[in-house]
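1. coordinates only, sequence not included:
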């Protein structure tokens, strides 16, 4: 019987890198933090606020995201947008992800056991 | 915004560098407000919803560390291997030396045997705690501050990329820790034994003065010299362990030390001047200290045999290890 704790740990490991990829792709259209969270959630990509906010800052530091304050709304919001480098990285990672998924499927359904 | 949110924001800001604070606080504040509004619109109670939102963000210290890119560990994987190596090396060299010195000092200061050993253990322990503390603090600082990130790269860079040349020798070649501990303990016991014989007071003469076992003419020079030679021998045993094997230079150094210890002892035993003849008289058995007596002959023979083995064995091990390292010699021979 698979323990819940064990499943949780390995799921987290598996998802860690995909949240970066999801953010880079989602932010090709500018968005602020909370709206991004809701969007990821709606898309079925589980993510926590306390990982996404620090992640956005790190990606910005590395030049993969650009940010801008928008004060037109009811409250000031920081909008992030994927930079050209970020778009390039996301495309590469997406290819890797597709290949990886295909490889895993092949292994799963492969004739050798 | 209620007090809870303000407290949460204040707690997160404490973990952030000054330059980031305004920006992060503004973003967090609007994010919390957005999340809260969503929940209230959905019909939740405002007070309960605020708790849920803040608890969803988690520990503010953790959040701030994530935003500032600060580590949540004391010493990370970049430095851990070097940290552990340095710590073990320092502890294993300094603690025994301090312990032996403390025992010697306590004994020469007139302490009894047990008291001297306690002083040695206490001294070694104190020094060990200090080494542990300061090395850990230093590495934790290097881990933490951007300004010393170069120092960190320097430390892990100085250790260099790992190559197969760094593989430790197989256990058969390598001096084992238990061998070394045994040798060092034997050496320390010999030092202790010498100091004990030197200080023991079994008999007193008519005027109440102690009749020493060892020849009093030799005291001032011989005992400190022998103790010093033994201490250097102990240090050599530790160095050989850290290097991992005996080498020819180590074997030569060991031979010199062994001879420096045994030649005077044998010479003195065979000339009958090692022990105090007054002691033998007091004991009622004069042949004890006599040059041709059974005890002195047995002592000389015993020291000769032990020394011969102690000199020969390191040379044998060094030659075997050299042969292994250069690939010469049959593999079968290298096995113990």
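-> In hand now; what should we look at? Just so you know, these numbers come straight off a predicted model, no measurement behind them.
2. which SSE is the closest residue to residue B:89 other than its chain neighbours in?
-> Spatial nearest neighbour of residue B:89, chain neighbours left out: residue B:242 (6.5 Å); criterion: C-beta to C-beta, 6 or more residues apart in numbering or on different chains. Every residue, glycine included, has its C-beta placed from N, CA and C. Here residue B:242, judged by DSSP states H and E, is contained in helix B:219-243.
3. What number of residues are in the vicinity of residue B:284?
-> Number of residues near residue B:284 (other C-beta atoms under 10 Å in any protein chain shown) recorded here: 7.
4. just residue B:99 next, same as before
-> Using other C-beta under 10 Å: residue B:99 sits among 21 other residues.
5. Residue A:65 now?
-> Residues lying near residue A:65 (other C-beta under 10 Å) number 22.
6. my read: it touches residue A:87, true?
-> No - Residue A:65 lies out of contact with residue A:87 (C-beta atoms under 8 Å); the separation is 10.5 Å.
7. Could you list every helix and strand in contact with the following helix or strand past the helix holding residue B:242?
-> Using DSSP H and E, the helix or strand that follows helix B:219-243 in sequence is helix B:248-270. Counting contacts by 3 or more C-beta pairs under 8 Å, 6 or more residues apart in numbering or on different chains; DSSP states H and E, helix B:248-270 packs against helix B:219-243, helix B:294-326.
8. residues making contact with the next helix or strand after helix B:248-270?
-> Following helix B:248-270 in sequence order, the next helix or strand is helix B:277-283 (DSSP H and E). Helix B:277-283 has contacts (C-beta atoms under 8 Å, 6 or more residues apart in numbering or on different chains) with B:202, B:203, B:205, B:211, B:212, B:213, B:286, B:287, B:288, B:289, B:290.
9. got a list of what the third one touches?
-> Residue B:205 makes contacts with B:211, B:278, B:282, as judged by C-beta under 8 Å, 6+ apart.
10. ditto for the second one
-> Residue B:203 is in contact with B:210, B:211, B:279, B:282, B:283, counting by C-beta under 8 Å, 6+ apart.
11. Now with 7 Å, please.
-> B:211, B:279, B:282 (C-beta atoms under 7 Å, 6 or more residues apart in numbering or on different chains).
12. Just the pLDDT for the last one.
-> pLDDT, the model's per-residue confidence, is 80 for residue B:282.
13. what number of residues lie near it?
-> So residue B:282, with other C-beta under 10 Å, has 15 neighbours.
14. Likewise for the first one?
-> Look at residue B:211: counted by other C-beta under 10 Å, it has 17 neighbours.
15. Quick check: bridge partners of it?
-> Applying DSSP bridges to residue B:211 gives these bridge partners: residue B:203.
16. can you list the residues of the stretch 51-200 of chain B near chain A?
-> Within the stretch 51-200 of chain B, the residues that sit near chain A (C-beta under 7 Å from any C-beta of the partner chain) are B:56, B:57, B:58, B:62, B:63, B:66, B:67, B:69.
17. List only those of these flagged as buried.
-> B:57, B:63, B:66, B:67 (16 or more other C-beta atoms under 10 Å in any protein chain shown).
18. The last one touches residue A:58, doesn't it?
-> No - in this structure, residue B:67 sits apart from residue A:58 without contact. The criterion is C-beta atoms under 7 Å, and the distance is 8.5 Å.
19. Now do stretch B:83-95: everything it contacts.
-> Residues contacting stretch B:83-95 (C-beta under 7 Å, 6+ apart): B:75, B:124, B:127, B:128, B:131, B:132, B:135, B:139, B:238, B:242.
20. Give me the local confidence score for the residue in chain B positioned nearest to chain A.
-> Of all residues in chain B, residue B:66 sits closest to chain A, at 3.2 Å by C-beta to the nearest C-beta. Looking at residue B:66, its pLDDT reads 87.
21. What of residue B:148?
-> Note for residue B:148: predicted pLDDT of 60.
22. Next: residue B:307.
-> pLDDT, residue B:307: 92.
23. And for residue B:107?
-> Residue B:107 carries a pLDDT value of 81.
24. rewinding a little: which elements pack onto the strand or helix carrying the residue of chain B closest to chain A?
-> Here residue B:66 sits within helix B:60-68, counting by DSSP H and E. Packing contacts for helix B:60-68, counted by 3 or more C-beta pairs under 7 Å, 6 or more residues apart in numbering or on different chains; DSSP states H and E, involve helix A:49-61, helix B:3-14.
25. chain center to that helix: distance?
-> 37 Å (C-alpha atoms, centre = their mean, to the nearest Å).
26. relative to helix B:3-14, how tilted is it?
-> If you take axes from the mean of the first three to the mean of the last three C-alpha atoms, to 10 degrees, helix B:60-68 sits at 50 degrees to helix B:3-14.
27. Quick one: work out the angle between the following helix or strand past helix B:60-68 and helix B:219-243.
-> Later in the chain than helix B:60-68, the nearest helix or strand by DSSP H and E is helix B:77-108. Per the same axes, to 10 degrees, the angle that helix B:77-108 makes with helix B:219-243 is 160 degrees.
28. That's all I had, so thanks and see you.
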